[in-house]
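Colleague: Requesting a structural model of the entry that follows:
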Amino acid sequence: MSELPCILIAEDELPTRNGIMKALQTWSEGKINLQVAENGMEAFHYRKTNPVDLLITDIRMPGLNGIQLLERLKKEGLQTKSILLTGYAEFEYARKALTLGAVNYILKPVEFQNLISAVEEAFEENKLWKRGNHDSSFIVPQVLNDSIRKSLVYISAELWNPSLGIKDVAEHIHLNSSYVSVLFKEETGYTFSDYLTRLRLYKAKELLLGTDMKIYEVAERTGFSSSKYFVKVFREAELLTPKEFRNEHKKMMNMSGFGHE
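Modeller: Just a heads-up that it's a prediction; the model follows:
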């Protein structure tokens, strides 16, 4: 059995599956054991008998879909760190998956940079697969406190809510909000508001680069109270407007050339 870290790819569409394989082979330089499954049931059976460090699964698959796969693995005590491949229409399912062990989601069609960034985040703890400095390094902070882990999952699932606050998080994990505020900073290195803004900006950049959504739609999806406020915060962080950011990165995001219908 290979001692290399294992990534299992569950995707029923051959072009997307091959594109992900090729991208990960190039990125990992052959230092990751890549396995593929053509559907959820095949992935489930592989995971039952083999260690898997990261599962990349499509949500919409025949037979056993991505959500059902995560639910089945959790029921069997095989909850696995996972990344969801999701279309625009299945965004709500991706939010649900965050409660089943998923650490991230990628909008289809899959873009090379989004895929690699998500995988690097998932592998961040062992530091073996970092490639350069990415502003996404804070997305999966190394935390020891179980309550803060639950907080991070909850924040990701509720990111769309512009009124999301520390009190909501505290209520979710049944702790005092003042205590959670202090503990959150100690565990993550960020204040709650700073982390929330950074996460919203990161997800906004994913949508700007990976979809054709309008600016106001990106603002709504990532929990900004208005498109005007979104543009203001984005410009302060990136020194570019969202539109300028999308245009400047268009060529880079099309480098891989895979995953497009």
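Colleague: And what about the residue nearest the centre of the chain, helix, strand or coil?
Modeller: What sits nearest the mean C-alpha location of the chain, by CA atoms, centre = their mean, is residue 104, with 1.8 Å. Three-state call for residue 104 (DSSP: H, G, I helix; E, B strand; the rest coil): strand.
Colleague: can I assume it is in contact with residue 122?
Modeller: Yes - using CB atoms under 8 Å, residue 104 is in contact with residue 122, at 6.7 Å. Where C-beta positions appear, they are placed from N, C-alpha and C, glycine not excepted.
Colleague: which stretches of the stretch 151-261 of the chain form helices?
Modeller: 166-172, 177-188, 192-210, 215-221, 227-238, 242-253 (DSSP state H, counting those that start in this stretch).
Colleague: between the ones you listed, which gets nearest to residue 157?
Modeller: Nearest of these to residue 157, taken as CB to CB: helix 166-172 at 9.6 Å.
Colleague: got a list of contacts for that closest one?
Modeller: 150-151, 154-155, 158, 161, 176-177, 179-181, 184, 192-193 (CB atoms under 8 Å, 6 or more residues apart in numbering).
Colleague: make it 7 Å
Modeller: 151, 154, 155, 176, 177, 180, 181, 192 (CB atoms under 7 Å, 6 or more residues apart in numbering).
Colleague: Low-confidence bits of the stretch 51-200 of the chain, can you list those?
Modeller: Within the stretch 51-200 of the chain, the segments meeting pLDDT under 70 span 88-99, 101, 124-142.
Colleague: filter the contacts of helix 166-172 to the buried ones?
Modeller: Among the contacts of helix 166-172, those scoring as buried are 151, 154, 155, 180, 181, 192 (criterion: 16 or more other CB atoms under 10 Å).
Colleague: Pretty sure the first one sits against residue 174.
Modeller: No - taking contact to mean CB atoms under 7 Å, the distance of 11.3 Å between residue 151 and residue 174 leaves them out of contact.
Colleague: which residues do the two both contact?
Modeller: Here residue 151 and residue 174 share no contacting residue, scored by CB under 7 Å, 6+ apart.
Colleague: Now for the buried ones among the contacts of helix 166-172: which two are most distant?
Modeller: For the buried ones among the contacts of helix 166-172, the maximum inter-member distance is 14.7 Å, found between 154 and 181 (CB to CB).
Colleague: What are the boundaries of the strands in the stretch 51-200 of the chain?
Modeller: With strands called from DSSP state E, counting those that start in this stretch, the stretch 51-200 of the chain shows them at 54-58, 82-86, 102-107.
Colleague: roughly how far is the longest one from the heart of the chain?
Modeller: Using CA atoms, centre = their mean, to the nearest Å, the distance from the centre of strand 102-107 to the centre of the chain it belongs to is 3 Å.
Colleague: got the angle between it and strand 54-58?
Modeller: 40 degrees (axes from the mean of the first three to the mean of the last three CA atoms, to 10 degrees).
Colleague: returning to that earlier point: how about the helices of the stretch 151-261 of the chain in TSV, adding distance to residue 10?
Modeller: Listed next are the helices of the stretch 151-261 of the chain as TSV, based on distance: least, CB to CB, whole Å:
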stretch	distance to residue 10
helix 166-172	30
helix 177-188	30
helix 192-210	20
helix 215-221	25
helix 227-238	34
helix 242-253	24
